[in-house]
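Undergrad: I'll drop the sequence and a predicted model, then ask my questions.
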Amino acid sequence: MPEINLTETTATAPEARRGAWIPALIDWLNGHAPAIELLLLALILLLAAGLRAYHLGLKSLWLDEIFFVNASQQGGLLGPYGALSVAHPPAYLFLMRLVSSLSQAEWALRLPAMLASTVGVAALWALGRRLFGRAVGLLAAFFLALSPMHLEFAQEAHSYALFATLGTLLLWGLSRAAQREVARQPAASGRAWRFWLSVWGPVVLVAVLSLYNHYYALAPVGLSLLIFPLLLLDAGRCPLPSLWREPGQRRALLHLLIALLVVGLAFLPQLISQLAPTAVVASQRSLAMGAGDLEPVFRLDLKSFADVLVAFVTYRPNWTSDPLFFAGVTLLWAAGLVWLLWKRTAAGLALSLWIFLPLPVIAWFAFQTGFSFAPRRLIFILPIFMLVVAVGVTASARAAAAAIQRAFPDRRSWTRAAYAVIIAVIVLAFVKGSLDPLSFYYRKPKQDWKTLAAILNSRPAAGDAVALLPSANGPIQWYLTADASLVGENVVDTLQQLCLDHDALYVAEATTRRPLSAADARYLAENFITVPLKDLALYYRNCRPDAWYGAGAEKLFPLAQHSDLAYPPTRRARQEFEALAAQFAPLIAQLDQSPAEAQPTAPPPTATPVPTPTATPTPAPVVAMDARTLMTVMVAAAPDDPLTHLRLGAYALQEGATPEQAGEHFQRAIDLDPAAWLAYGLWANSLANTGQITAALQMVDQGLVITPDNLALQTMQARFQDGAAAATDDAYPAALEAARSALRERQWDAAVAAAEQAIALAPDRYEPQLVLGDAHRGANDLAQALAAYQQASARAPYLSILHSRQAEMLARLGRADDAIAAAMTAVAIDQSRWENWHALGRAYAAQAIRDNVIVDPAGVRLAEAALLRAVELTPATVQTAARALDELRAAVARAQAAAADAARAASPARRAAAQQLLQSGDAEGALAAYRALVATDRQDRESRMGVAAALAALQHKDQALAEFRQISADWPDFPFARLREGMLLEETGDLAAAIAAYRSAVAIAPDNADAHFTLAYALRRDGQRDLAMAEFQAGLALDPSRDSARQALEGLQAEP
């Protein structure tokens, strides 16, 4: 540092003294440089470790991590580790095996990568310092510490972080070896091996670890052959010819070859055992790519290389997210590369080879084999990229300082100050530019299996089902503890069946794997609420027939959103759901109310119906059932059943009959069963409704004589005598409202508690019993719900909805006959309510279809007719009945398909029995057996051939010929029906027609030797010698072992 000249006239003495602190400070810094360097390095490493440890376990393990950790737990302790052994060497899998045996928490599984990444920052400092000095080493380490891409893989349970660090250490070892080889003094031969071990031992160790950590390490290890000679030239500042002229240089190159030979020998076991099969797989994929059987997963173009550059700088989706920062870092990198090639050509070429050469080679390999290509596979280049950026910073600062010195030659102290200030400004700008990419990384979720599994583990109730689509099965099992059904190829059918059997359905999908068909995707979109997560989707549907299909989904979105992680699609989907729920608000309010409170009425003519997705397109309509038809069917089935006449009386009241007219039916029911309390109750209620209180009381008293403990009649007696007992304060209404509020919030336990409190305050009221039943039904406690509904019905037997509620619970409990009885009573009381018809349809369906088998086809028709009436009565905003109808039709289709499958499964045995009958001479029995098989499956070609053969055996040759010809028409490529037709024609004496049939068979199957021989024999019989010889020759060319055909040919050839 030059001293300041106090005698110069360009500055006064005070001015000189004011500027004297700058060189003094620089001198002090130079004097303490090692300590300051270590302090700065420690701060950089603390920063790197802190950034990498922050939220280390917050994000879910994603697909690759789950597969990697799962593979590490397979096989023996030292491998091979499952299917991933083909794609990954064993070193990091072994490390994961050890770590996962201690803890399977996300932070623990990612801890080795975090530590390796932090060590990688220190390794880059060491490399930069060795090649270009302290400033470059510290800057490179600092830039790498802030790298979003380096941070990403520092928080991933995979081998990439260690791959990058080992690559940096390999380059450091080569640089160190070059410098040590140049500085070596001639030594005794006995010490040569010690020198080689001290210099090349670290290189060999790092190279072997690299190869056993990641197969792509073949690129940097192979590059050593090119890079080390350049580093050797740089270390000795020697010209290129010195490599083969100078003995020391030749000796250094020999040492490199020995080192690579040792590395190769150490890697040979892995090369033979695992990498060779990997090469075979790659070769097979390459052939498949060439044949067009495998599609490329990316395009090999300049954009692929540009994407790598963006990843190295910002690791954002595109450079426009951080345009100034991206442009600035890219310019600094370019400046560093230019400076290196200009001032340090050999080192610049070495680093250029390291950066540029692997990229096209690995990209080409991925393109040729159909493997994915991602910047992470080039992560070993990232530290060297940052090293060149650091060189660019120091080169730019040096150039700017030199310009200042030239502009102000008398202020030489400004040069170093300017150099330091420019570097500080660039570093601050780099920090400012890194904030957004780092913030983006921390807010960006990984593939969120953890959140999805947490929802599925906690949210579904006892009556709900969890289903996994093929794309989600496997990875989610790492987190999932709930029972789940695996969905196969028939997605729609499987989900519909699950929905029929459960209250709600949760379906998991990975959107980036095994995409659904367009039809399956459309079905899910139209019939489920979608809750998107990162690269995943949760589909939800409320399957309860009396609920909106989206009811309950509002609880899922808060669970899917994370306060620390941002995923906009989840927020947008929540907004869309809330808008949809607002459209359905009237329906939801109606469904949340007590059924007794919310008697559904048709919407006004001007109301605009809210569109609701249906499960499947509605088939062509059939005749809907009406109450009169139902009563007719009921009377025909059970004319002497007291319930039949009870319902006839209730139906008569609906049709406008007077209590006296309806009383004839009620009286008939009582005559048949004096204890038919409901007949007394309905008859008494009809009398009371017309003002005949005294007559109503007499009817109730008559019933109580027979059934003195009947609660329903006791309640009616009290009501007719004194009116319903009312609560003396506001406690009962408050308790009832609290129960209904909890019901609307789906807080089942709270609803049960509040309803029981209301019941205690007003035990004679039906409303709290109804709410109690609804709460138990929501909690899927069907038996308790049924008991509550029965108690409510006992207090208000004239309310049809209470009977239909019982029918619903009875059907779900498997008591189909009781369910039908309750639902028929509900319809008889009120045929205008869609819920009653819906309950009747579900009850008939439960009776008719059991275990995917149609046990009562007539019941299926009754179920469909009842549901069609429910659909007609349902308001436009309610799709429950329509969905139930669709589900019934789907269940019927599944049952029919299952029956057909079962019949087809039994077909081989039945066909063998028919063949046995035919061979034993029982052609009639064989014909009947074959026809039964064909009736089951018209596409059963073997059975149809059997029908024709049996007809021929019975001498019904015209019918047999017709059957053979129909088979040929249905299967144009099937030659054997033509052959059998020809044989039958020959039996009838029509040889010409037979030959025509044989020719058709040969045309269909020219490679079938039997077809040629059959035609040849027919031609010989017809005297067509030359044509017969040609067909024999054609057949023998296909099957030379047929001696009889050869003899026939030789006989023809011997004829004159």
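TA: Arrived safely, thanks for sending. Quick caveat: nothing in here was measured; it's all calculated off a predicted structure. Residues are numbered from 1 along each chain as shown.
Undergrad: quick one: residue 59 and residue 443, what's the gap?
TA: 10 Å (Cβ to Cβ, to the nearest Å). (C-beta placed from N, C-alpha, C; glycine too.)
Undergrad: so what sits against both of these two?
TA: residue 565 (Cβ atoms under 8 Å, 6 or more residues apart in numbering).
Undergrad: neighbour count: those two, which is higher?
TA: Neighbours were counted for residue 59 and for residue 443 using other Cβ atoms under 10 Å; residue 59 has more, 24 against 12.
Undergrad: tell me the secondary structure of the closest residue to the more buried one other than its chain neighbours, please.
TA: Leaving out its chain neighbours, the residue that sits closest to residue 59 by Cβ to Cβ, 6 or more residues apart in numbering is residue 446, at 4.5 Å. Secondary structure, DSSP: H, G, I helix; E, B strand; the rest coil: residue 446 is coil.
Undergrad: quick thing: my sequence starts at 40, can you match it?
TA: Taking 40 as the first residue, the last one we looked at is residue 485.
Undergrad: these two touch, right, residue 485 and residue 97?
TA: No. At 9.5 Å, residue 485 does not count as touching residue 97 under the criterion of Cβ atoms under 8 Å.
Undergrad: tell me how the protein divides into domains.
TA: 75-482, 488-622, 1014-1095 (automatic domain parsing).
Undergrad: how far is the last one from where the chain is centred?
TA: It refers to domain 1014-1095. 58 Å (Cα atoms, centre = their mean, to the nearest Å).
Undergrad: just to revisit the earlier point, hey, what's in contact with both of residue 485 and residue 97?
TA: With Cβ under 8 Å, 6+ apart, residue 485 and residue 97 have no common neighbours.
Undergrad: more neighbours: which of these two?
TA: A direct count of neighbours by other Cβ under 10 Å for residue 485 and residue 97 places residue 485 higher, at 21 against 16.
Undergrad: that one and residue 421, how far apart?
TA: Taking Cβ to Cβ, one finds residue 485 at 20 Å from residue 421.
Undergrad: residue 687 now?
TA: 85 Å.
Undergrad: residue 131 too?
TA: With Cβ to Cβ as the criterion, residue 131 and residue 421 are 18 Å apart.
Undergrad: going along the chain, name the helices of the stretch 740-889 of the chain.
TA: 750-761, 770-783, 787-800, 806-817, 821-834, 839-851, 855-868, 873-887 (DSSP state H, counting those that start in this stretch).
Undergrad: now do the stretch 990-1095 of the chain
TA: Using DSSP H, counting those that start in this stretch, helices in the stretch 990-1095 of the chain cover 996-1009, 1015-1026, 1030-1043, 1048-1060, 1064-1077, 1082-1093.
Undergrad: check the stretch 190-339 of the chain too.
TA: Going by DSSP H, counting those that start in this stretch, the stretch 190-339 of the chain shows helices at 199-222, 231-252, 257-275, 281-284, 286-309, 315-330.
Undergrad: please identify the most buried of those helices.
TA: Ranked by mean neighbour count, the helices of the stretch 190-339 of the chain are led by helix 199-222 with a mean of 25 (mean count of other Cβ atoms under 10 Å).
Undergrad: ok, now which ones touch the nearest residue to residue 693 once chain neighbours are set aside?
TA: In space, and not counting its chain neighbours, residue 693 is closest to residue 870: 5.9 Å by Cβ to Cβ, 6+ apart. Taking Cβ under 8 Å, 6+ apart, we find residue 870 in contact with 665, 666, 690, 693, 876.
Undergrad: report pLDDT for residue 870.
TA: On the pLDDT scale, residue 870 is placed at 82.
Undergrad: how much space between it and residue 704?
TA: From residue 870 to residue 704 the distance is 16 Å (Cβ to Cβ).
Undergrad: same deal with residue 934?
TA: 37 Å.
Undergrad: near residue 460, how many other residues are there?
TA: With other Cβ under 10 Å as criterion, residue 460 counts 15.
Undergrad: one step back: need the helices of the stretch 190-339 of the chain in a markdown table (columns: distance to residue 864 and mean pLDDT).
TA: Output for the helices of the stretch 190-339 of the chain, formatted as a markdown table (distance: least, Cβ to Cβ, whole Å; pLDDT from 0 to 100):
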| stretch | distance to residue 864 | mean pLDDT |
| --- | --- | --- |
| helix 199-222 | 69 | 94 |
| helix 231-252 | 75 | 91 |
| helix 257-275 | 80 | 92 |
| helix 281-284 | 103 | 78 |
| helix 286-309 | 77 | 91 |
| helix 315-330 | 67 | 61 |
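Undergrad: how about JSON lines for these, with distance to residue 496 added?
TA: Listed next are the helices of the stretch 190-339 of the chain as JSON lines, based on distance: least, Cβ to Cβ, whole Å:
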{"stretch": "helix 199-222", "distance to residue 496": "30"}
{"stretch": "helix 231-252", "distance to residue 496": "35"}
{"stretch": "helix 257-275", "distance to residue 496": "43"}
{"stretch": "helix 281-284", "distance to residue 496": "65"}
{"stretch": "helix 286-309", "distance to residue 496": "40"}
{"stretch": "helix 315-330", "distance to residue 496": "37"}
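Undergrad: for residue 881, which of those is the nearest?
TA: Among the helices of the stretch 190-339 of the chain, helix 315-330 comes nearest to residue 881, with 51.7 Å by Cβ to Cβ.
Undergrad: show me what the helix or strand following that closest one is packed against.
TA: Next helix or strand after helix 315-330 toward the C-terminus (DSSP states H and E): helix 341-352. Helix 341-352 makes packing contacts with helix 362-382, helix 397-408 when contacts are defined by 3 or more Cβ pairs under 8 Å, 6 or more residues apart in numbering; DSSP states H and E.
Undergrad: mean pLDDT lowest where, among these?
TA: helix 397-408 (a mean of 77).
Undergrad: mind checking how far that one is from the chain centre?
TA: The answer for helix 397-408 is 29 Å, by Cα atoms, centre = their mean.
Undergrad: residues in contact with the residue lying closest to residue 871 once chain neighbours are set aside?
TA: Nearest residue to residue 871, sequence neighbours excluded (Cβ to Cβ, 6+ apart): residue 912, at 6.7 Å. With contact set as Cβ under 8 Å, 6+ apart, residue 912 has these partners: 871, 872, 873, 876, 920.
Undergrad: phi first, then psi, for the second one.
TA: To tie it back to what came earlier, the one meant is residue 872. Per-residue torsions, residue 872: phi -90, psi 130 (degrees, to the nearest 10).
Undergrad: need the domains of the chain in CSV (columns: distance to residue 881).
TA: Shown next, in CSV, are the domains of the chain (distance: least, Cβ to Cβ, whole Å):
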stretch, distance to residue 881
domain 75-482, 40
domain 488-622, 7
domain 1014-1095, 48
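Undergrad: which one of those domains lies closest to residue 991?
TA: Taking the domains of the chain one by one with Cβ to Cβ, domain 1014-1095 is closest: 5.7 Å.
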